[in-house]
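In: Need a 3D model of the sequence below.
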Amino acid sequence: MQHHIIKIFTVIALGAMLLTGCMMEKPTVKNYRKVSAMPELTPVTVEQLRQLIAADTTHYKVVVLTSSCCGYCGQAMRDTYPHKMAECDSSQVHWYFVEESYGTAQYMDEVFRRHHIDSPRYWINDTLPQYRPLMVKNMWTIVWNLIWHYGADIKELGWEVASNRLDNIVANIVPQSQPVSVSGVPTTLMLDPQGHMKCTYTIYNDSTAMLEPTDIRNITVPVTELDYNKVDTISFLPKVCTPDGKCN
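Out: Next up, the predicted model:
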């Protein structure tokens, strides 16, 4: 009985979260129409974004895949991007801020004004299956499905999700000989004028390793001073130390 009550309250809490604040702003038809009507936001397909970046052969490029309702994205907007933008003149580095989903793009202008970032704003508007975000007709459908199908997979709740969507987007924007992995937003793609992307080979605690776009939050030098032909390595494996004090 107690477990049943906890389950009911959990479902109610989830429903309330979905109906408040940014959690309400899912990729719905209504939000798509609203964002499409905002002149300060520029819609681009993934291929158009690739062409836009590839055509710029005289600047370093920083492509930021972000979400206006993502906490870590907001922190980067406040603490990282303004600082990194100030390190290099705009004649050297071009920044491309891209909202990965139209579900939250309507807040993009507000976030930029709050953190005093003056840069063009793009949002991905692509219908190809590998790039398409989730789509639902209305939030009540999602709330009802959460209650009726508690614990079900997100796809079973009526959300259409492109598999490995962010990986697919990055693979098209900056094709690599070895596929790169993207864990989520914010994701920064840093490229030199010749189009080489700065990457990091990351080894995690469970010994899995992935090639990833280097996170601009982890660099200590200006974008223009990075070695784009070198792949850095970050390891989260615990160090093994011998009695004589040597560690590896």
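In: Which parts of stretch 74-94 count as buried, going by neighbours?
Out: For stretch 74-94, the neighbour count (16 or more other CB atoms under 10 Å) marks 74, 76, 77, 80, 81, 84, 85, 88, 93, 94 as buried. Where C-beta positions appear, they are placed from N, C-alpha and C, glycine not excepted.
In: Just name the closest of those to residue 115, please.
Out: Minimum distance to residue 115 across these is 4.6 Å, recorded for residue 77 (CB to CB).
In: burial count for residue 173?
Out: When neighbours are defined as other CB atoms under 10 Å, residue 173 has 23 of them.
In: Next, it: phi, psi?
Out: phi -60, psi -50 (degrees, to the nearest 10).
In: Now do the contacts for the most centrally placed residue in the chain.
Out: The chain has residue 185 as the residue nearest its centroid, 2.4 Å off, counting by CA atoms, centre = their mean. By CB atoms under 8 Å, 6 or more residues apart in numbering, residue 185 lies in contact with 65, 66, 67, 70, 72, 73, 100, 166.
In: Helices of this protein, residue ranges please.
Out: According to DSSP state H, the chain carries its helices in the segments 2-18, 29-36, 46-55, 71-79, 81-87, 108-114, 139-148, 165-173.
In: Of all those helices, which one comes closest to residue 195?
Out: Closest among those, using CB to CB: helix 46-55, at 6.4 Å.
In: just to revisit the earlier point, any idea which of the helices of the chain is most buried?
Out: When the helices of the chain are scored by mean count of other CB atoms under 10 Å, the highest mean neighbour count falls to helix 165-173 (a mean of 20).
In: How far away from the center of its chain is stretch 64-83?
Out: 10 Å (CA atoms, centre = their mean, to the nearest Å).
In: And the contacts of it?
Out: Under the contact criterion CB under 8 Å, 6+ apart, stretch 64-83 has outside partners 21-23, 25, 95-101, 104-108, 110-112, 114-117, 166, 169-170, 182, 185-189, 216-217.
In: Export the helices of the chain as a markdown table, with columns for distance to residue 228.
Out: Conversion of the helices of the chain to a markdown table gives the following (distance: least, CB to CB, whole Å):
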| stretch | distance to residue 228 |
| --- | --- |
| helix 2-18 | 41 |
| helix 29-36 | 34 |
| helix 46-55 | 14 |
| helix 71-79 | 21 |
| helix 81-87 | 16 |
| helix 108-114 | 27 |
| helix 139-148 | 42 |
| helix 165-173 | 16 |
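In: any chance of these in CSV, with distance to residue 203 and mean pLDDT too?
Out: Converted to CSV, those look like this (distance: least, CB to CB, whole Å; pLDDT from 0 to 100):
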stretch, distance to residue 203, mean pLDDT
helix 2-18, 35, 45
helix 29-36, 39, 88
helix 46-55, 29, 97
helix 71-79, 22, 95
helix 81-87, 26, 96
helix 108-114, 33, 93
helix 139-148, 37, 71
helix 165-173, 19, 95
